[in-house]
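# Take this sequence and fold it.
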Amino acid sequence: MKRDMDLVRAILIALEKTDSAGKYQQFSIDDISEEVLSYHIKLLHQAGLIEAHDASGCNEFKWYPVSLTWDGHEFLELAKNDAIWTKAKLQLIKKVDGLSFAVLKSLLTKYVSELMT
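Just a heads-up that it's a prediction; the model follows:
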């Protein structure tokens, strides 16, 4: 399964909007299967951007997000702006035909810093 950085961003945005930090969050994102959503929640947990719970069982793959981590909030602050997100994504795809998380974060940081000057 491929990592979808737009879905990663959508999950972080949705999780930030929830009011019950510390509890399992059940939400869906239009046109995204539970399996794809769970896979990306697991990836976000592995990357340290969210706390999540593995509720997988026999023949079932299910991860529930719990809350954003400090790093998750920091990344989301960089990625929230649609124009900056799109600019960084397009620049990265144009140069390397992919979306490395570390490089994407660096570009987002660069573009946000440029807004401040």
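# Would you map the strands across the chain?
Remark: strands assigned in the chain by DSSP state E are 50-54, 63-68.
# Report the angle between the last one and strand 50-54.
In other words, strand 63-68. 150 degrees (axes from the mean of the first three to the mean of the last three C-alpha atoms, to 10 degrees).
# Neighbouring strands of strand 63-68 in the sheet, and parallel or not?
Counting by DSSP bridges, the strands paired with strand 63-68 are strand 50-54 (antiparallel).
# Show me how far the partner strand is from its chain's centre.
Averaged C-alpha coordinates place strand 50-54 at 13 Å from its chain's average position (C-alpha atoms, centre = their mean, to the nearest Å).
# Also stretch 45-53?
Its chain's C-alpha centre and that of stretch 45-53 lie 10 Å apart, by C-alpha atoms, centre = their mean.
# outside of it, which residues touch it?
Residues external to stretch 45-53 that are found in contact with it (C-beta atoms under 8 Å, 6 or more residues apart in numbering): 8, 11-12, 15, 24, 41-42, 44, 63-69, 71-72, 75, 101. Every residue, glycine included, has its C-beta placed from N, CA and C.
# Now that stretch: average pLDDT?
Stretch 45-53 comes out with an average pLDDT of 96.
# quick one, helices of this structure?
In the chain, the helices defined using DSSP state H lie at 5-17, 34-46, 70-79, 82-96, 101-116.
# circling back to that earlier point, among the contacts of stretch 45-53, which ones are buried?
For the contacts of stretch 45-53, a burial check counting by 16 or more other C-beta atoms under 10 Å picks out 8, 11-12, 15, 41-42, 44, 63-69, 72, 75.
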